[in-house]
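Asks: Based on what follows, work out the 3D shape:
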Amino acid sequence: MPGRPNKFTSTVAILAAAVAASSPCAAWAQGFALIVGISQYQDPTIPQLRFADADAQEIADNLRIYSSFSKECITLLLNRQATGAAIRAAFIDLDKRCSGNGAPGAALVYFAGHAVSDFKKTTRGETREFLVPFDASLDAKYTGTDGSENNDTFLKKEELATRLTNIRESQVAVVLDACHSGMPDFAGLMQYYINAAKTGTKEIALLAASSIEGTASEFVELKHGALTYEVLQTIKAGRAATPKTERYRLAMTTLYNEVKTRFKTEIVGGQPLSSYHEPQIALFPPGKPVQVAFADMRGDMAPPLVAQAAPVTTPTEPIGTAAPATTPQPAPAAKVSVPAPTPSSGPAVAVTPPAAQPGEPAAKVAPPTAPTAGPVANTAPPAPSPPEPAAKVTPPAQPAPAQAARLAAPEQPAQGQVARVTSPAPPAPQFGYVRFAGAIPSDSYVEIDGTSVHNWKRGSPLRVTPGPHIVVIGTTTYSYRRVSAVEVGPNRTATLNPIFTGNLTLKSRTKADPNQAGPPLEFSLDGRPLGQSTTELALQGIAAGTHKLTVRIFDTVQTTDISIRPDSPLTLVYLLQAAPPPAAPKRNVIPF
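Replies: Now for the predicted structure:
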C-alpha cells in the first residue's frame with residue numbers, strides 16, 4: 001500500500017507500557033463474545049458490503065485462538081445467519097450459558113454491517129432505528145404515535161441498550177464497525193435502562209467507527225473495514241509486545257487511543273483514514289474511570305532462552321526440541337498489496353523464527369563461588385552460528401529417570417578471568433505446512449496471521465511454525481476473502497479446500513402478494529446481460545466476491561453491489577407494485 005508508514009516499533013513500545021501497567025489477568029474472567037458480520041442483505045434495495053463478514057470471522061478466530069474467552073462462549077453469526085431473531089436469541093443464550101460464573105467478568109459485542117440514522121427523529125432528538133440485520137426490510141417502515149419513523153425489522157437503540165444493560169456481567173465492551181454508529185445519547189440510554197433493569201453497578205464502553213452523522217468505510221487497499229483493520233493491527237502489535245507465556249489485557253480506552261492514532265497515520269488513497277471518518281468512544285458511567293476490556297490476549301513474543309541442563313531421558317521418552325534462541329525483534333507491520341506480486345516484488349515474508357545473528361559472541365557467566373553438592377550448571381544462551389562444541393553431560397553412576405544430568409564443572413579460571421560455558425547446541429526447529437487443494441484463481445493472495453505472503457505460488461505449500469494460525473486466501477478481482485483457523489502439527493500438513501464460487505437467485509414478485517410472480521425483469525451482472533426478461537432466474541458458479549447487479553423494468557434501472565459467498569447462497573426478491581394503467585384520453589365531443 002503506497003505511503004504506508006511503519007508504525008510497528010512505536011506501537012509495540014506504547015502497548016508494552018500499557019501491558020506492564022495492567023492488572024493481573026487471573027483476577028478477571030471473560031464471559032462471552034457475540035460477533036456479527038453481514039455483507040449480504042436479502043432486501044435488494046440495501047447495498048451489500050465487501051468485507052464485513054470476513055472481518056467478523058477474523059475477529060472471532062483471534063478470540064478463539066488467543067483470548068481467554070471459552071470457545072463455547074463465542075458465537076459468530078454471518079450473513080444469512082444474522083437475522084434479527086438470531087441476534088436477539090444469541091444475546092439471551094450467551095448470557096444464560098456463560099455469564100455470572102461468580103468472578104467479575106466481561107462480555108464483548110462486535111458488529112460489522114450497516115447502521116442507519118436517516119429516519120425521522122423522535123421528540124427527544126434521536127432515531128430509534130440503528131443496526132441492520134440480514135433480513136431487514138426498508139418497506140417495513142411506519143410512523144409512530146410521536147411522529148417518528150419506525151421499522152421493527154431493525155435493531156433499535158432502545159433494544160440494544162436494554163440487552164446490554166440486562167447482561168449479567170459487570171463489564172460490557174461494544175465495537176460497531178458501521179456507518180452512523182456513534183451514539184451521543186449513549187450514557188443517557190444506558191442509565192435509563194440500567195435503572196429500569198435494576199442490574200446494579202455496570203461499566204459499558206462503546207467503540208464506534210464514526211459519528212452518528214458520519215459514514216464508515218471499507219477499503220480494497222486494506223481488504224477490511226477501516227475500524228476492524230486497525231483493531232486487528234492493534235491486537236497483533238500488543239501480542240508481539242507480550243511474551244508467549246503471558247497474557248495482556250487490551251482495555252477499550254487503550255484500543256481507542258491506538259486506533260485513533262493509526263487513523264491519523266494510515267494512508268489510503270493519498271489521505272489519512274481520519275480524513276474519511278474518525279472512531280468514537282462512549283463510556284458509562286460518564287465522568288468516571290471505566291476499566292472495560294476488549295479481551296485478555298495471549299502474547300506472541302518469544303522470551304529469551306536460558307541454557308539449562310538437559311534432563312536424562314529414557315529410550316521411550318522423546319527429547320523435546322526448541323527453536324534457535326534469538327534476540328526478540330519487533331516484526332514489521334503487515335503489508336497489504338492488491339495485485340498478485342511478481343517474483344521481483346521483494347523478499348519473502350518470513351513465517352518462521354529468525355535465525356541467530358552470525359558472529360555474535362556467547363554470553364560469559366562467572367563460575368559459582370560456593371558450590372556445595374557437586375558442580376552447578378553454568379548457563380548461557382544457545383551458541384550462535386558457527387556453533388561452539390556442546391557442553392558435555394556427566395551422568396551419575398546409576399541414573400534414575402527423574403534425576404537431572406549435570407554439566408561438567410569448568411576448570412577454574414586464572415585470577416581476573418571469566419569462565420566460559422556453553423549449553424548444548426539446539427536441534428533444528430520443526431515446521432508444519434499449509435496447502436490449498438482445488439482450483440485456485442490466478443489472482444489469489446495469501447496471508448498468515450495478518451502478514452501477506454508475497455512469494456507464494458499456487459500449488460506450493462506454505463511452511464509455518466507448529467501451532468494455531470489464521471490463514472486468509474483471497475482474490476483481488478472481486479475482493480473476496482476466505483478466513484480459516486487451522487492447527488498445524490510438527491512435520492504435518494494442514495489442507496484447506498477453499499471454494500471460490502457461489503449461487504444467486506433473482507425473483508420478481510408483487511408487493512401485494514409476495515407469492516405471486518411479478519412483471520418480468522432484465523438482469524445484468526458486471527455489465528453482461530443474463531438472458532431474456534424473466535420473473536425468476538437461478539445462477540450457479542458465480543465468482544465469489546462483490547459484483548455489480550443491474551435490474552431493468554420498463555424504463556427504470558437500478559444498479560447495486562451484491563456479495564456472492566460459497567457458503568451463503570443469495571436470494572434477492574424484488575417486490576414490485578403494478579402501476580395503474582394510464583387513463584384513456586378524453587375525446588373532444590362537439591355537440592350538434
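
Asks: give me the low-pLDDT residue ranges for the stretch 451-592 of the chain?
Replies: 578-592 (pLDDT under 70).

Asks: swap that for the stretch 51-200 of the chain, please
Replies: Across the stretch 51-200 of the chain (using pLDDT under 70), the flagged ranges come out as 101-104, 118-129, 196-200.

Asks: Show me where it has its helices.
Replies: Remark: helices assigned in the stretch 51-200 of the chain by DSSP state H, counting those that start in this stretch are 52-66, 84-98, 157-166, 186-197.

Asks: now for these, which one comes closest to N491?
Replies: With respect to N491, and counting by Cβ to Cβ, the nearest of these is helix 52-66 at 21.2 Å. Bear in mind the C-beta positions are built from the backbone N, C-alpha and C, glycine included.

Asks: Out of the helices of the stretch 51-200 of the chain, which one sits most buried?
Replies: Across the helices of the stretch 51-200 of the chain, averaging neighbours per residue (mean count of other Cβ atoms under 10 Å) puts helix 52-66 on top, at a mean of 24.

Asks: helices and strands around it, which ones?
Replies: strand 29-37, strand 74-78, strand 105-112, strand 224-225, helix 226-240, strand 293-298, strand 467-475, strand 480-488 (3 or more Cβ pairs under 8 Å, 6 or more residues apart in numbering; DSSP states H and E).

Asks: Send me the second one as CSV with only the CA atoms.
Replies: Output of strand 74-78 as CSV, limited to C-alpha atoms (Å, rounded to 0.1, in the frame of the first residue of the first chain):
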residue,chain,number,x,y,z
ILE,A,74,-18.0,-17.3,21.4
THR,A,75,-21.0,-17.1,18.9
LEU,A,76,-20.4,-16.0,15.3
LEU,A,77,-23.3,-15.0,13.1
LEU,A,78,-22.5,-14.3,9.4
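
Asks: circling back to that earlier point, make CSV from the helices and strands packed on helix 52-66 and add distance to V551 to it.
Replies: As requested, the helices and strands packed on helix 52-66 are exported to CSV (distance: least, Cβ to Cβ, whole Å):
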stretch, distance to V551
strand 29-37, 26
strand 74-78, 25
strand 105-112, 26
strand 224-225, 27
helix 226-240, 30
strand 293-298, 41
strand 467-475, 25
strand 480-488, 23
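
Asks: what's the domain layout of this protein?
Replies: Domain assignment for the chain by automatic domain parsing gives 8-298, 432-496, 501-576.

Asks: Could you report the neighbour count for K288?
Replies: By the criterion of other Cβ atoms under 10 Å, K288 has 9 neighbours.

Asks: now do S442
Replies: There are 9 residues near S442, going by other Cβ under 10 Å.

Asks: just to revisit the earlier point, for the helices and strands packed on helix 52-66, please prepare TSV with the additional fields distance to P441 and mean neighbour count.
Replies: TSV is the format used below for these (distance: least, Cβ to Cβ, whole Å; neighbours: other Cβ atoms under 10 Å):
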stretch	distance to P441	mean neighbour count
strand 29-37	23	25
strand 74-78	22	22
strand 105-112	25	26
strand 224-225	20	26
helix 226-240	23	25
strand 293-298	33	23
strand 467-475	5	20
strand 480-488	9	19
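
Asks: closest to K457 out of these?
Replies: Here strand 467-475 is closest among the helices and strands packed on helix 52-66 (Cβ to Cβ), at 13.0 Å.
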